[in-house]
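J.: can you look at this prediction? I've put the sequence above it.
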Amino acid sequence: MNVTQILVTEYKYSDTPARPLTKRTIPHPRYSPWLDDNIQTAVQERCSAERAWLKSCLQIHREISIAARKTVNNVATNAKKKIYLAEFSTTKTCKMLFSLTEQVLGKTKHKTNGDKELCDKFSILFD
């Protein structure tokens, strides 16, 4: 009898019931309209180049990894430019223009219900 069989028999005849299965929910990543197949394949190529460099530690693999990283950045930047250019061209009011500009720059407004809520959120950092 090997160790696995001993553990299985001990667990099988123990009086404690098996732990119930728990259900996990995996959050969906935030939707980005510019993500497409070109970016996905560029990211996969970047990851494989990075793994090759980490495995071999050769200078040529490092340069290939850096070039792949630059390619991913360029493809993503061009896709974002195309999407936002289309959105900016369809805006009709100044309010829509400013809200789109804040979205592009990453500025979001966090609404609070007063000073008490703001103080409570701040005090959580020190608990």
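T.: Structure's in. What do you need? Residues are numbered from 1 along each chain as shown.
J.: every contact and neighbour count from this point should use C-alpha atoms.
T.: Noted.
J.: if I look at residue 94, how far off is residue 85?
T.: In this view, residue 94 and residue 85 are 16 Å apart by C-alpha to C-alpha, to the nearest Å.
J.: how far does stretch 81-100 stretch from start to finish?
T.: Start-to-end span of stretch 81-100 (C-alpha to C-alpha) is 13 Å.
J.: list the buried residues for it?
T.: The neighbour-count check on stretch 81-100 (16 or more other C-alpha atoms under 10 Å) flags 84, 97, 100 as buried.
J.: over to stretch 66-76?
T.: Applying a neighbour-count criterion of 16+ other C-alpha under 10 Å, one finds 66, 68-69, 71-72, 75-76 buried in stretch 66-76.
J.: for this protein, what spans make up the strands?
T.: Applying DSSP state E to the chain gives no strands.
J.: what stretches of it score poorly on pLDDT?
T.: Within the chain, the segments meeting pLDDT under 70 span 1-21, 23-29, 108-114, 127.
J.: state the distance from the nearest residue to residue 68 once chain neighbours are set aside to residue 92.
T.: Leaving aside its sequence neighbours, residue 68 sits nearest to residue 46 (C-alpha to C-alpha, 6 or more residues apart in numbering; 4.9 Å). Note on residue 46: its distance to residue 92, by C-alpha to C-alpha, is 39 Å.
J.: residue 64 too?
T.: 45 Å.
J.: the residue nearest to residue 68 touches residue 70, doesn't it?
T.: No. Using C-alpha atoms under 8 Å, residue 46 and residue 70 do not qualify as a contacting pair, with a distance of 9.1 Å.
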